[in-house]
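# how would this look folded up:
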Amino acid sequence: MAMKDYSDEFKADAVALFESTPGATYKSLAADLGINRNTLRNWVLRDHERRGIGPDAAR
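Below is the predicted model:
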């Protein structure tokens with residue numbers, strides 16, 4: 001299966017949605033967005049790293 005290329009805007013929107021949705025899980029939000037759970041998790045972790053937020057802040 002070929003890897004999909006998502007725009008930076010889509011990634012940022014997905015991370016923002018995850019961060020702003022109380023009780024959201026990687027699994028549930030990824031399913032809603034039609035992406036892999038680990039893909040969303042990686043985007044969130046990269047964003048946290050970029051902003052200097054510790055890994056324990058991710059759900």
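# Need the residue closest to the centroid of the chain.
Central residue of the chain (CA atoms, centre = their mean): residue 40, 3.2 Å from the mean position.
# any idea how far residue 27 lies from residue 13?
Separation of residue 27 from residue 13 (CB to CB, to the nearest Å) stands at 18 Å. C-beta: built from backbone N, CA, C; applies to glycine.
# try residue 3
Distance from residue 3 to residue 13, counting by CB to CB: 19 Å.
# Among the two, which residue is more densely surrounded?
Between residue 3 and residue 13, residue 13 has the larger neighbour count (other CB atoms under 10 Å), namely 13 against 6.
# on contacts alone, who are the packing partners of the helix or strand containing that one?
Element membership for residue 13, per DSSP states H and E: helix 8-20. Contacts defined by 3 or more CB pairs under 8 Å, 6 or more residues apart in numbering; DSSP states H and E place helix 8-20 against helix 26-33, helix 37-51.
# quick one: the residue nearest to the centre of the chain from residue 9, how far?
From residue 40 to residue 9 the distance is 15 Å (CB to CB).
# Just name the shakiest helix or strand of this protein by mean pLDDT.
Within the chain, no helix or strand scores below helix 37-51, which has a mean of 95 by mean pLDDT, DSSP states H and E.
# got a list of contacts for that one?
Residues outside helix 37-51 that contact it (CB atoms under 8 Å, 6 or more residues apart in numbering): 11-12, 14-15, 18-19, 26-27, 29-31, 33, 54-55, 57-58.
# and the two most separated of those residues?
Using CB to CB, the two most remote members of the contacts of helix 37-51 are 31 and 54, lying 26.6 Å apart.
# what about residue 37, distance to residue 10?
Distance, residue 37 to residue 10, using CB to CB: 16 Å.
# now swap in residue 40 and tell me
Distance, residue 40 to residue 10, by CB to CB: 11 Å.
# From the contacts of helix 37-51, keep the buried residues only.
Buried members of the contacts of helix 37-51, counted by 16 or more other CB atoms under 10 Å: 11, 14, 15, 18, 26, 29, 30, 33.
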